[in-house]
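Student: pasting the structure only:
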């Protein structure tokens, strides 16, 4: 029952599980004149779990700031909540880090252009100049920041500057390790995509290893970046079926298809405030 | 935060969408001492939609009847709600109608025996005697009720008697049409499984038609039974990939596998009170 | 055991099933100095079936014409074979018919540009001018041929002229009916993509009908175009899972994703000479 | 074109890739009066690869022994082939090793009883007595062979004796390590099933680890047993989608479903002589 003039907001809440949270939050929203459009919640354990809630609501005014302040003082403090209130009319501002491989990048640019993702791409930063023309044809700024072992500190300082103040940074097949200090300097969450197999292969040529081991599935995993490489909380995974006729090149091509669809789903869900981090895991509402 | 001594209940609610429903329901539960374990809700439309909610809660007493009566007078009437309160410790009592094809029946019996389904199978009724031994080896009563065009009224009367008072009736490849009067006499919801294809084929030999049309997927649909044959609200669907090498017999075998897994998922979800009917569709929480 | 200097050819064969076909074909190739790289075959029935074979071979000369002529006189006539010999180094020349919906078109252009498809897009013909800039940015000619009920004969004559001499025409969401006379005038096979559901929905607003019926899967079917609309031999199908939370707009978006991946797989397989028609069905090697 | 009186045989061939193999094999079969029903082949590399071929043929006599001997002297020696000729009318004789977990075992017994698998289960051997009644209800002998660290040599001697002379041994969730000496003493290929995840988890409680890491897919891998534990050639893999609402117990249940379907597919394909080993990988025709 939202009307065209309404502000549609999202409230995300995380706190220690306690009696009465849903009632407190929903009563607050009702009392504030906000109509609940959807509500998802999850508790991680029967005893001493963590409580997560995502609520979309329609507010017949534009005053989300006032609602946010009131929620803080009236509800959040009492339950020791971390929370955020966002306006669904404001797309997330996204930066992309990329190397020379374009399939994930182009998929994100394409979907953003079509309005498929609730996001605007503000800048693409690459350690190689190769993709400048492709990016600029979408009307998106491309900045080449070369990275060498010697220049890494300066390069990361420049990257941090370019990516400052964004809501999300996507590593769209960025083949470099992101240092803890860059992660901290950027401030925004980062999402990475990497191939994944059953069983797992590490090293430089995973698709060749997968071929040698005769796997029947190749997959991809999108996860938040943490200091521990490729160990961040998983957002989304998928696989595609392969067989002995597929060459290592076929596996790479099929892997590229599943990588871009997994990454675009993860970015979509993040931009719709559907993903909440829970230590080493995620809750995806 | 439920404790071993708690009663865990489920509250299902359906009503015209209005302002304040979540707050009213959750405040009622809090005030009743019930702790919300999970809450799912859905509204079918922005204006004048129908509101659905499924809530699991822990109650530190065994008095669900009292809670039900209080909810009726304090909340349900005000919002014109249809609702139910069930005890998760009480498995659903299920009857099965079957002909001579056993794969769906055996899967249900097997899963029930293993505790995979929150259900007990009270009786299996068949228009053929063939499966008596298989059913009885699970310790489940088997009743043969022959059906001929002439005897159909008496047969349905006998079926209604055998299936009276159950929570659910499953048509596990029961190859007969269920009349509206049997549906009414039984009272409980009925779930049916049937094959499904892209495009759809009607008639007596669907797998042969599917083979002739060269389909690349064969599937199955589980749905509630309504008087309009095979048009009831869909609960679950799935498909399996096939190719030109598969014979019509292979399609039948692969179709059987997908039929039993789709049916068992639909029955599981129904028995966990996850499925709510919404006219021609379902909400599956 | 093909060497860089070899010509790699493909031989497709269809004939009434008879004793000794594989031996005759493979002995001919050996005697011609051609090394078999891969061989797939299929017989439709145990008695009086139709035999299909696809063979890739390496020839240490460039003389496919000579091989073709020799095969015709030495093998094909004896077995009443239809056959073709193609050079894998020659990409298929493809034309695309499109209306205003771009997701299938862009996917094909993108994949062709990346070298993912063994094809070149020679021309895009549309009954609307909207997609001219998008197509031309790939360096592909775009021709606007308006179609009205009155102008249909002239429009089809112009389309036939533009699409003459191509190897394949793809209807990438071309929302017009293709007449039997256009089909005949073009000469090349045509591949179409359309949405598909379990059960099937016909009419103008299928995704809305799917939503109203509460389907749990939406899919797409790629097929060869025949005079009987949407009834041609199926090449590929796939589905994606949906639920009650998805709006009709979500179904449309998810349907678009599955449409473009199904269509691009069908086009890829056709361009690799993997698809052979068998009456109302296909053999996909 | 096989007739009811025909013997239908399967010829499997593996040899270094060379010019003319298909022609030699198919000409031999033609000259022997055998009609080729299906033929699959695969070469692992363009240069110096290994060649694999699976051929089904109909022979108007019952004399497979004579054909086998002739093939050996006329074709196999010349091409340094390993080969086998089997009669499709003779089901594979299978033994099963199991511990206390029954889902994979029961699925195999059930499918064998229904005629879904081209196999007969000759014996089930377990290190626990728990499943005796379940196995015997299928009319299959059950033998309890306790295994303790001290008794392992005697236990393996007894297992080898029970499993001698079979065509295949299936480890249907047999939670013990199979020694190289047992593998050798049994002689027949062994197929194992284990859970698999993206990324991989090792150790005793994989589903709990998967839950802690927040995986979105759980899977299973069926492979041939080699001395290097869980590293044998992969036959089949599959996954099922999970989310944050699934408990570790749910993951275990869903994992069990995917384990039994993956294992039954691997066993089916092995029993149809579709799987050929190629070092660390398999070719699955």
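Tutor: That came through, no problem. Remember, predicted model here, so these are calculated numbers, not experimental data. Residues are numbered from 1 along each chain as shown, chains lettered A, B, ... in the order given.
Student: How about the residue in the stretch 101-250 of chain A that chain D sits nearest to: what's its closest non-neighbour residue?
Tutor: For the stretch 101-250 of chain A, the residue closest to chain D is residue A:214, as judged by CB to the nearest CB, at 2.7 Å. The way it works is simple: take the backbone N, C-alpha and C, and place the C-beta from them, glycine included. Among residues not flanking residue A:214 along the chain, residue D:281 sits closest, at 2.7 Å (CB to CB, 6 or more residues apart in numbering or on different chains).
Student: Enumerate the residues of chain A near chain D.
Tutor: Residues of chain A lying close to chain D (CB under 8 Å from any CB of the partner chain) are A:42, A:196-200, A:211-217, A:219, A:221, A:230, A:233-239, A:243-245, A:278, A:280-284.
Student: Mind checking which of those are in strands?
Tutor: A:42, A:196-197, A:217, A:219, A:221, A:234-239, A:278, A:281-284 (DSSP state E).
Student: and residue A:10, backbone torsions?
Tutor: Phi and psi for residue A:10, reported as degrees, to the nearest 10, are phi -130, psi 130.
Student: who's in contact with it?
Tutor: Contacts for residue A:10 (CB atoms under 8 Å, 6 or more residues apart in numbering or on different chains) come out as A:54, A:55, A:56, A:57, A:84, A:85, A:86, A:88, A:273.
Student: Looking at strand pairing, list the partners for the second one.
Tutor: Residue A:55 has these beta-bridge partners by DSSP bridges: residue A:11, residue A:39.
Student: Check the burial of it by counting its neighbours.
Tutor: 23 (other CB atoms under 10 Å in any protein chain shown).
Student: cool, and the fourth one?
Tutor: Summarising burial for residue A:57: neighbours were counted as other CB under 10 Å, giving 26.
Student: helix or strand for it, which one?
Tutor: For residue A:57, the host element (DSSP states H and E) is strand A:50-59.
Student: for the record, mean pLDDT for that strand?
Tutor: The average pLDDT for strand A:50-59 rounds to 96.
Student: Tell me which residues are up against the helix or strand just after that strand.
Tutor: Going down the chain from strand A:50-59, the next helix or strand is helix A:64-71, by DSSP H and E. The contact list for helix A:64-71 (CB under 8 Å, 6+ apart) reads A:7, A:9, A:11, A:28, A:32, A:34, A:59, A:83, A:85, A:87.
Student: got it, and stretch A:274-285?
Tutor: Residues outside stretch A:274-285 that contact it (CB under 8 Å, 6+ apart): A:12, A:14, A:40, A:42, A:44, A:50, A:52, A:54, A:224, A:231, A:233-236, A:266, A:269, D:211-214, D:216, D:243-244.
Student: hang on, the earlier thing: from the residues of chain A next to chain D, keep the buried residues only.
Tutor: Neighbour counting by 16 or more other CB atoms under 10 Å in any protein chain shown classes A:42, A:196-200, A:211, A:213-217, A:219, A:221, A:233-239, A:244, A:278, A:281-284 among the residues of chain A next to chain D as buried.
Student: so what secondary structure elements neighbour the worst-scoring helix or strand of chain A on mean pLDDT?
Tutor: Using mean pLDDT, DSSP states H and E, the weakest-scoring helix or strand in chain A turns out to be helix A:206-213, at a mean of 80. On a contact count with 3 or more CB pairs under 8 Å, 6 or more residues apart in numbering or on different chains; DSSP states H and E, helix A:206-213 meets strand A:190-197, helix A:248-271, strand D:281-284.
Student: got a pLDDT number for residue A:9?
Tutor: 97.
Student: quick revisit: quick check: the gap between the residue of the stretch 101-250 of chain A closest to chain D and residue A:262.
Tutor: Separation of residue A:214 from residue A:262 (CB to CB, to the nearest Å) stands at 23 Å.
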